[in-house]
Every structure is written in structure tokens, then in C-alpha cells.
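1. no FASTA, just this:
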């Protein structure tokens, strides 16, 4: 009787351990996900900034890009706009809830007024037991086209922590 109980207990522990395991995404899958979220941020930011000169924003003004995604205008000059974006349970297109802070530096061509560069540095987002710190830069070299179409889209991951395990840690900064 005692042996059956011990065997049943061991079986329950083994089944419980292996049945509750999740597939852990690979590093490329996680970075692709981060890039996708970043692309979503850019689309939402462009919805309020692409057709507007930076001087039309007021320092201290609060902008709402989406439910759970707001930004504070930190600086607005003739050719530059700085935003501090807060993600507070913002829901991405895949249904993932994201929290974090993203600092945006948007540079403009002055004639015609159009965005030349978008920098996000530093960015810190948290989702699905994952914490990511990264820098991104998008550059549009064509000053004649008012629509922002980046020729270059760089993303540098400074740190990546999944389930408390450090997968990437850049000791040298950006």
C-alpha cells in the first residue's frame, strides 16, 4: 500500500513537472517580436507627427497615440521633436499587453517639412515575462518626399531578460 502511494506520488510529480512546461521562444523569435512591436510604435507615432511641423507641438503637451500609449512633449523646435512615451498596459496587435517607456527623438527636414530620422533611445519594454532594453534608429534620406519611408532601420538590443534569465547584456552601453 505504501509503495503504491509513493509510486503514485512520484508519477504525479513527474507528470506535473513535464505537463506544465512551455515552449520557450528562441532568441531570434524574441528579437523579431520586439522588432514587430517597435514597428507598431512607429506607425502610431507617425499617425500624429508625420504631417505636422514640430513647432506645432507645445512643450509639456500630452499626446495620446492609442489606449495605454501616451507621450509627453519634452522639446519642440524648428527641426526636432522629443517625446517621452509611456506604455501602460498597451495592447499590441497580437494581443500582448506591454508596459514600458520609450524616449523618441524625431528630426525633421525644414523644407518641405518632413521627418528625416526617428531615434528611440533608450527604450525599455516589458511583456510576457520578458524585459527588453533597446535602441532603434530609422533614417529617411529622401527630403523631397513628405511621407516618411526609412531606407535604414536599425535595432540594437542592449539587454534581454526572459523569466529572470539574462540572455543579452551589453556592458558597454549604446
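-> Structure's in. What do you need? All of these numbers come straight from a predicted model, not from anything done at the bench.
2. Please enumerate the helices of this protein.
-> 2-19, 27-49 (DSSP state H).
3. Lowest average confidence across these, which one?
-> In terms of average pLDDT, helix 2-19 trails the rest of the helices of the chain, at a mean of 61.
4. beta partners of residue 98?
-> residue 90 (DSSP bridges).
5. Distance of it relative to residue 91?
-> Separation of residue 98 from residue 91 (C-beta to C-beta, to the nearest Å): 8 Å. Heads up, the C-betas are built off the backbone N, CA and C, glycines and all.
6. Residue 37 now?
-> 11 Å.
7. Compare these two and say which one has the larger neighbour count.
-> A side-by-side neighbour count of residue 37 and residue 91, using other C-beta atoms under 10 Å, places residue 37 first with 21 against 14.
8. give the contact list for the nearest residue to the more buried one once chain neighbours are set aside.
-> Nearest non-adjacent residue to residue 37, counting by C-beta to C-beta, 6 or more residues apart in numbering: residue 92, 5.5 Å away. Counting by C-beta atoms under 8 Å, 6 or more residues apart in numbering, residue 92 touches 36, 37, 40, 98, 127.
9. So what does residue 92 have for phi and psi?
-> In terms of degrees, to the nearest 10, the main-chain angles of residue 92 are phi -70, psi 170.
10. Which pLDDT does the model give the residue lying closest to residue 44 once chain neighbours are set aside?
-> Spatially, and ignoring its direct neighbours in sequence, residue 44 is nearest to residue 65 (4.3 Å; C-beta to C-beta, 6+ apart). The per-residue pLDDT reported for residue 65 equals 92.
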